[in-house]
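**Student:** sequence first, predicted coordinates after that:
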Amino acid sequence: MDLKDKVIIKGEVTKNEMVDLYQKCLFLIYASQCENCPNILLEAMRSGCKIGCSNSKPMPEFAGNSVIYFDPTKVSDILRALNDLNINLDKSLSNLALENSQKYDWRAAINSTWKFITLLENKC
């Protein structure tokens, strides 16, 4: 398909390199079929990356309307998503991904957890 100058397959990269890669890529394909908390998806969203994403649960619960979904078991659907991502070159998906990622903040999760634990302690 003559993609050797367009697709880069990298080995292991550092966290700082990942942020740079997310921000420089045209889009990310996230085809996982099995996750509890899709950290890679959340990282890409936080970087404002356009994303083609598996429609397997729980990805839609995390990404909402900020990605283009596909069935990861159907090549034709993956190709459709790639085409949709390629056509959609504006920043609307990137902006939605960044906005949706704001819901997932470690400090907020920690504070919420401690509040819940405190509530349980007071009831015991």
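**Tutor:** Structure received. This one's a predicted model, so the numbers in the text were calculated from it and none came from an experiment.
**Student:** how about the strands in the chain?
**Tutor:** 28-30, 51-54, 68-70 (DSSP state E).
**Student:** deepest-packed of these, please.
**Tutor:** Mean neighbours per residue, mean count of other Cβ atoms under 10 Å, is largest over those for strand 51-54, with a mean of 25. C-beta: built from backbone N, CA, C; applies to glycine.
**Student:** who are the packing partners of that strand?
**Tutor:** strand 28-30, helix 39-46, helix 59-63, strand 68-70, helix 75-87 (3 or more Cβ pairs under 8 Å, 6 or more residues apart in numbering; DSSP states H and E).
**Student:** of those, which is nearest residue 7?
**Tutor:** strand 28-30 (10.4 Å; Cβ to Cβ).
**Student:** returning to what we had before: pipe the strands of the chain into a markdown table and attach mean pLDDT and distance to residue 12 per row.
**Tutor:** Formatted as a markdown table, the entries for those read as follows, by pLDDT from 0 to 100; distance: least, Cβ to Cβ, whole Å:
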| stretch | mean pLDDT | distance to residue 12 |
| --- | --- | --- |
| strand 28-30 | 91 | 17 |
| strand 51-54 | 95 | 22 |
| strand 68-70 | 96 | 27 |
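**Student:** what's the closest of those to residue 17?
**Tutor:** strand 28-30 (14.5 Å).
**Student:** and the helices and strands packed on strand 51-54 as TSV, adding distance to residue 116?
**Tutor:** Below are the helices and strands packed on strand 51-54 laid out as TSV (distance: least, Cβ to Cβ, whole Å):
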stretch	distance to residue 116
strand 28-30	30
helix 39-46	21
helix 59-63	20
strand 68-70	32
helix 75-87	38
